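Q: Predicted model and sequence follow; I will ask about them next.
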Amino acid sequence: MQLPGARKTILVIDDMAAILEHAKQLLKEKYSVIPCTSAKQALEIIEKRKPDLILVDINMPEMDGFDFIKKIKEDERYSDVHVMMITAEITSQTESKGYELGAENFVLKPFAQAVMMKKIEACLG
């Protein structure tokens, strides 16, 4: 349970440091941001601190965004965490697969701050 007035936490997963830094700069005024460079590292982080929202890149080495979403949505401890996917390009196939696995929306790179914030606000309610 979150305290009234407490900042919501967003875990951002992307293997590119520049993307993580950009996301952090865009979100830090309103949210607590945890940057993470791999899905495996993110799984360790959420064991310690369950975020309100996860932004996960689709294309990453070791474990891609689809496999990450599948893994957390199958775990009852995290199945209620909001998830949005980050991608440089979206196809109907990518979008369909993401929604099937439990993604709530998609954020395109490079990030457009106004659009990104609206999608996050809609997702978090």
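A: Structure's in. What do you need? Residues are numbered from 1 along each chain as shown.
Q: Quick check: which element contains the spatially most central residue of the chain?
A: Central residue check for the chain by CA atoms, centre = their mean: the C-alpha nearest the mean position is that of residue 55, 1.2 Å away. Here residue 55, judged by DSSP states H and E, is contained in strand 53-57.
Q: Kindly provide the whole-number mean pLDDT of that strand.
A: If you average the pLDDT over strand 53-57, you get 98.
Q: And the spatially closest residue to residue 119 that is not a sequence neighbour, how far from residue 86?
A: Taking CB to CB, 6 or more residues apart in numbering as the measure, residue 119 lies nearest to residue 105, with 4.9 Å between them; neighbours along the chain are not counted. C-beta coordinates here come from the backbone N, C-alpha and C atoms, glycine included. Spatial separation of residue 105 from residue 86 under the definition CB to CB, to the nearest Å is 10 Å.
Q: More neighbours: the two, which one.
A: Neighbour totals were compared for residue 105 and residue 86, and residue 86 leads with 23 against 18 (other CB atoms under 10 Å).
Q: The host helix or strand of the more buried one pairs with which strands?
A: Residue 86 belongs to strand 82-87 when elements are defined using DSSP H and E. Each strand that pairs with strand 82-87, with its direction, by DSSP bridges: strand 53-57 (parallel), strand 105-108 (parallel).
Q: Direction-wise, compare the helix or strand that comes right after it with strand 53-57 and give the angle.
A: Tracing the chain C-terminally past strand 82-87 and defining elements by DSSP H and E, one meets helix 92-101 next. Interaxial angle of helix 92-101 relative to strand 53-57 (axes from the mean of the first three to the mean of the last three CA atoms, to 10 degrees): 150 degrees.
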